[in-house]
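Visitor: Below: sequence and its predicted model.
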Amino acid sequence: MCGIVGAVSTRNIVPILVQGLQRLEYRGYDSCGVAVHQGGALRRSRSTARVAELRQQIDADGVASGTGIAHTRWATHGAPVVHNAHPHFSGGKIALVHNGIIENHDELRAELQAKGYVFESQTDTEVIAHLVAHLYDGDLFDTVQRAVARLHGAYAIAVFCRDEPHRVVGARYGSPLVLGLGDDADPEARYLASDAMALAGVTDRIVYLEEGDVVDLQLGKHWISERLADDNFAPVLRDVKIVHAHTGAAELGPYRHYMQKEIFEQPRAIADTLEGVEGITPELFGDGAYRVFKAIDRVLILACGTSYYSGSTAKYWLESIARIPTSVEIASEYRYRDSVPDPRTLVVTISQSGETADTLAALKHARSLGMPHTLTICNVATSAMVRECELAYITRAGVEVGVASTKAFTTQLAGLFLLTLALAQVRGTTTPEQEAVHLKAMRHLPVALQAVLALEPQVVAWAEAFARKENALFLGRGLHYPIALEGALKLKEISYIHAEAYPAGELKHGPLALVTSAMPVVTVAPNDALLEKLKSNLQEVRARGGELFVFADADTRIENAEGLHVIRMPEHYGALSPILHVVPLQLLAYHTACARGTDVDKPRNLAKSVTVE
Ligand code: HGA
């Protein structure tokens, strides 16, 4: 999603700004731009093409300076066209980039228009640029503090003023922003970025700004002010952390797309995630986890999208193995719902990036309701989510570039299974022998996943048929119902085929009406306690002429027949079976999308880390 980079330095910082944008590119964006302070004026280049094209445009325009800001935009207000791309200017004096959404933009726009400000875009962001220009009193740091006090909604901003060269001011509330300090090569430089990854190789000295902070960047110095409850600001010191951020620059190797590469990386990602897990102990989740696990008797999982489905799978594990009542909620719903809090709840958030705006807000909401015990399953150790939660399990999926999540999902499942076993241990619902059997099965997962990945050629054959469809149904039962949901989501996200998932027992309560010979029905068929029930559901589909595509465990005795296509999975893998069964669904979505010729790694309208509400 949107990215911000900003800098002040004695050298030309445009290459660093552009490189920063390139590092944030994989998150998805629809336009990009850079603005600098050059020759006593504001200059900018903006584009709806890729950052590589923006770089050429910048070179052609001769944009160069020691003061500048840059942005990748994922439009929320106003179409993805050049005049809506950031940076936005006001009066040839203020240049500003913004991540987030300003909720009172209509009211502010009316107010500023009445004062004579002319708007050139349809964005909510432009109101901030004009507001800063309107309030400007010769001191940008002070002005921004007064301006942000008028904003409702979420923002990370970077702004500079024509009248104050070598000064950039940043502010954050609800969207992430970090300050970077110059390294030995350029000690006077100061940087801003929405993610430390944008500054990888430029500096590893990072200050994570807190909610409400405003930061002043000047050559060789910086100041931070925190926002107080009465909307005044007070100077504050924030720790400098040494952060070895990944560059995100992963090589494609023999793969056609990052998504394919990431599907095939799952055995390694799971092995890395389990590395160092010598046995099950609450401390896998951080110091003090035993005390927390003893103090709770419910679990509330908050997540969005694919992470919501990993949480939905974990509910089955937590209730059946750890015998702990668990609810799973979509973060964007929970944060606004009038719910009944229970202080003896472990609030578990799940997010690949750890910056998902809705999940962060849901976490804060849960805490504000009096639920202090929080744990996150997250792929980014330096993220806001990890910093905000009492306990954490960091998955080691590595950088995930494809917008459609794959290895992040399966490693989340691995982390959630460990959580189940740790809670089961503390609650005495598993014996040491049962725990050892589960752990052994987890350690064998990388090998088991390899066997599933070997099914790719068979999935490719199915994908040809799928590519001609416009609708698909996915069925699963029990633990594999969330896997069917995830399979349908993958197909929607990257192939744009309309897909819906149902627990197979629900078919006859409505969706069976959709089944004709034109409707492929994908079924997840593990050899578990519900197999015979599932077989009856398959009969219901066949009886209506529906065409079945079944991923069946070896011992299910579901055989190929007229209108019934079977891909044989390995032996049933017990409680961990969802981690294996999701893989062919990822492959099916991937190869169907390839056959339809879509932009697999950057599907239309979607972004990687969803940092706006
Ligand atoms: N609301 C602004 C910024 C959008 C954003 O943060 N996207 O991730 C706009 O629409 O330009």
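Guide: Done, it's in. All values reported here derive from a predicted model rather than from experimental measurement.

Visitor: Please count neighbours and contacts with C-alpha atoms only from this point.
Guide: OK.

Visitor: for stretch 129-142, what is the average pLDDT?
Guide: Regarding stretch 129-142, the rounded mean pLDDT is 98.

Visitor: for residue 378, what are its contacts?
Guide: By C-alpha atoms under 8 Å, 6 or more residues apart in numbering, the contact set of residue 378 is 350-354, 385-386, 392-395, 412.

Visitor: again, only using 10 Å
Guide: Applying C-alpha atoms under 10 Å, 6 or more residues apart in numbering, we find residue 378 in contact with 307, 349-355, 385-386, 392-397, 408, 411-412, 415.

Visitor: what about the one residue in the stretch 301-450 of the chain that gets nearest to the ligand, how many residues close to it?
Guide: Across the stretch 301-450 of the chain, no residue is closer to the ligand than residue 357, which sits at 10.2 Å (C-alpha to the nearest ligand atom). Residues lying near residue 357 (other C-alpha atoms under 10 Å) number 25.

Visitor: Ok, residue 421 next?
Guide: By other C-alpha under 10 Å, the residues close to residue 421 number 26.

Visitor: thinking it is in contact with residue 281, fair?
Guide: Yes: with contacts counted by C-alpha atoms under 10 Å, residue 421 reaches residue 281, the gap being 8.5 Å.

Visitor: Up against the ligand, what does the stretch 51-200 of the chain have?
Guide: 73-78, 98-101, 123-125 (C-alpha under 6 Å from any ligand atom).

Visitor: same thing but at 5 Å, please
Guide: 74-77, 99-101 (C-alpha under 5 Å from any ligand atom).

Visitor: just the chain next, same as before
Guide: For the chain, the residues in contact with the ligand (C-alpha under 5 Å from any ligand atom) are 1-2, 74-77, 99-101.

Visitor: coming back round to it: the residue of the stretch 301-450 of the chain closest to the ligand: what's it in contact with?
Guide: 100, 154, 174-176, 304, 331-332, 351, 363, 384-385, 609-613 are the contacts of residue 357 under C-alpha under 10 Å, 6+ apart.

Visitor: Tell me which stretches of the stretch 501-613 of the chain form strands.
Guide: Secondary structure of the stretch 501-613 of the chain (DSSP state E, counting those that start in this stretch): strands located at 520-525, 547-553, 564-569.

Visitor: deepest of those, which one?
Guide: With neighbours taken as mean count of other C-alpha atoms under 10 Å, those reach their highest mean count in strand 520-525, at a mean of 26.

Visitor: starting at the chain centroid, how far to that strand?
Guide: Relative to its parent chain, strand 520-525 has a centroid offset of 28 Å by C-alpha atoms, centre = their mean, to the nearest Å.

Visitor: partner strands of that strand, parallel or antiparallel?
Guide: Strand 520-525 pairs in its sheet with strand 471-476 (parallel), strand 547-553 (parallel), by DSSP bridges.

Visitor: which parts of the helix or strand just after the shortest one are buried?
Guide: Proceeding C-terminally, strand 471-476 gives way to helix 481-495 as the next helix or strand, assigned by DSSP states H and E. Buried positions in helix 481-495, judged by neighbour count with 16 or more other C-alpha atoms under 10 Å: 481-495.

Visitor: coming back round to it: which among the strands of the stretch 501-613 of the chain is found nearest to residue 219?
Guide: With C-alpha to C-alpha, the closest approach to residue 219 among these belongs to strand 520-525: 59.2 Å.

Visitor: For the closest one, list the C-alpha coordinates in PDB.
Guide: Extracted C-alpha coordinates of strand 520-525, given in PDB (Å, rounded to 0.1, in the frame of the first residue of the first chain):
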ATOM      1  CA  PRO A 520     -16.900 -26.300 -11.000                       C
ATOM      2  CA  VAL A 521     -17.000 -27.400  -7.400                       C
ATOM      3  CA  VAL A 522     -13.600 -27.700  -5.700                       C
ATOM      4  CA  THR A 523     -13.700 -29.900  -2.700                       C
ATOM      5  CA  VAL A 524     -11.100 -30.400   0.100                       C
ATOM      6  CA  ALA A 525     -11.500 -34.000   1.100                       C
END
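
Visitor: What helices and strands are in contact with the lowest-mean-pLDDT helix or strand in the chain?
Guide: The weakest-scoring helix or strand in the chain, judged by mean pLDDT, DSSP states H and E, is helix 531-543 (a mean of 87). For helix 531-543, the packing partners by 3 or more C-alpha pairs under 10 Å, 6 or more residues apart in numbering; DSSP states H and E come out as strand 471-476, strand 520-525, strand 547-553.

Visitor: Just the angle for that helix relative to strand 564-569, thanks.
Guide: 150 degrees (axes from the mean of the first three to the mean of the last three C-alpha atoms, to 10 degrees).

Visitor: quick revisit: would you list the strands of the stretch 501-613 of the chain in CSV and tack on mean pLDDT and distance to residue 471?
Guide: As requested, those are exported to CSV (pLDDT from 0 to 100; distance: least, C-alpha to C-alpha, whole Å):
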stretch, mean pLDDT, distance to residue 471
strand 520-525, 95, 7
strand 547-553, 94, 12
strand 564-569, 94, 17
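
Visitor: need those in CSV with distance to residue 30, can you?
Guide: Shown next, in CSV, are the strands of the stretch 501-613 of the chain (distance: least, C-alpha to C-alpha, whole Å):
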stretch, distance to residue 30
strand 520-525, 33
strand 547-553, 36
strand 564-569, 38
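
Visitor: where's residue 44, which helix or strand?
Guide: Using DSSP H and E, residue 44 sits within strand 41-47.

Visitor: just to revisit the earlier point, and the least confident of the residues of the chain next to the ligand?
Guide: The member of the residues of the chain next to the ligand with the lowest pLDDT is residue 1, at 65.

Visitor: could I get the residues of the stretch 51-200 of the chain next to the ligand as CSV with secondary structure and distance to residue 83?
Guide: Shown next, in CSV, are those (DSSP: H, G, I helix; E, B strand; the rest coil; distance: C-alpha to C-alpha, whole Å):
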residue, secondary structure, distance to residue 83
74, coil, 14
75, coil, 12
76, coil, 14
77, coil, 12
99, strand, 17
100, strand, 18
101, strand, 18
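
Visitor: Quick check: residue 385 touching residue 354?
Guide: Yes: judged on C-alpha under 10 Å, residue 385 makes contact with residue 354 at a distance of 4.7 Å.

Visitor: Tell me the residues that contact both of these two, please.
Guide: With contacts defined as C-alpha under 10 Å, 6+ apart, the residues shared by residue 385 and residue 354 are 360, 376-379.

Visitor: For the chain, which residues score under the pLDDT cut-off?
Guide: Residue ranges of the chain with pLDDT under 70: 1, 245-250.

Visitor: Name the residue of it that lies nearest to the ligand.
Guide: Using C-alpha to the nearest ligand atom, the closest approach of the chain to the ligand is made by residue 99 at 3.3 Å.

Visitor: Let me see the contact set for that residue.
Guide: Here residue 99 is in contact with 1-4, 71-76, 86, 125, 154-158, 172-177, 194, 611-612 (C-alpha under 10 Å, 6+ apart).
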